[in-house]
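**Student:** Give me a 3D structure for the following:
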Amino acid sequence: MSNPLGQLTWTFITECEVPADIESMLVTGEKGIAAYKTVRDIAIFTNKRLIVRDAQGLTGKKVEVYSLPYSSINMYSTENGGMFDINSEVQLFTRAGMIKINLNKKVDVRKIDKLIAEAIL
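**Tutor:** Sure thing, here's the model as predicted:
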């Protein structure tokens with residue numbers, strides 16, 4: 001499946017509190033469920049979508065926001081870390097292409113698995 005956005009890859013470093021400033025981005029009835037620090041900003045799972053904020057540039061004042069509605073996910077896979085590869089990963093196969101999420105060893109891949117399953121099933 002080709003990805004018109006190119007290969008999107010995010011890295012979740014550790015779970016954190018859902019930031020209060022995300023409220024202005026949410027639609028009626030939407031709420032933050034879980035959040036993860038990324039390399040430059042944060043990813044938030046809501047009850048309707050995955051929002052990834054990506055600070056850019058040297059100062060980080062320019063921010064790109066990705067919004068992935070769960071309804072656009074056709075299939076997903078999760079892989080837990082092994083003995084030599086301690087990091088886990090998630091692949092989301094969407095209408096726009098494949099998105100890869102690398103998970104630091106501090107992130108529970110099965111919790112991510114459950115968040116996605118509860119959202120799309």
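**Student:** so R110, which of the three states?
**Tutor:** helix (DSSP: H, G, I helix; E, B strand; the rest coil).
**Student:** Mind listing what's buried along the helix or strand harbouring E89?
**Tutor:** Using DSSP states H and E, E89 sits within strand 88-94. By 16 or more other Cβ atoms under 10 Å, the buried positions in strand 88-94 come out as 88-90, 92-94. In this view, the C-beta of every residue, glycine as well, is placed from N, C-alpha and C.
**Student:** Same check on stretch 20-34?
**Tutor:** For stretch 20-34, by 16+ other Cβ under 10 Å, it's 22, 26, 32, 34.
**Student:** Confirm that the first one sits in a strand.
**Tutor:** Put plainly, it is I22. No. Using three-state DSSP, the assignment for I22 is helix, not a strand.
**Student:** contacting residues for it?
**Tutor:** 32, 44, 51 (Cβ atoms under 8 Å, 6 or more residues apart in numbering).
**Student:** again with the third one
**Tutor:** Residues near G32 by Cβ under 8 Å, 6+ apart: 18-19, 22, 26, 44-46.
**Student:** How many neighbouring residues does the closest residue to it other than its chain neighbours have?
**Tutor:** Distance criterion Cβ to Cβ, 6 or more residues apart in numbering; nearest residue to G32, sequence neighbours excluded, is V18 at 3.5 Å. V18: 16 surrounding residues under other Cβ atoms under 10 Å.
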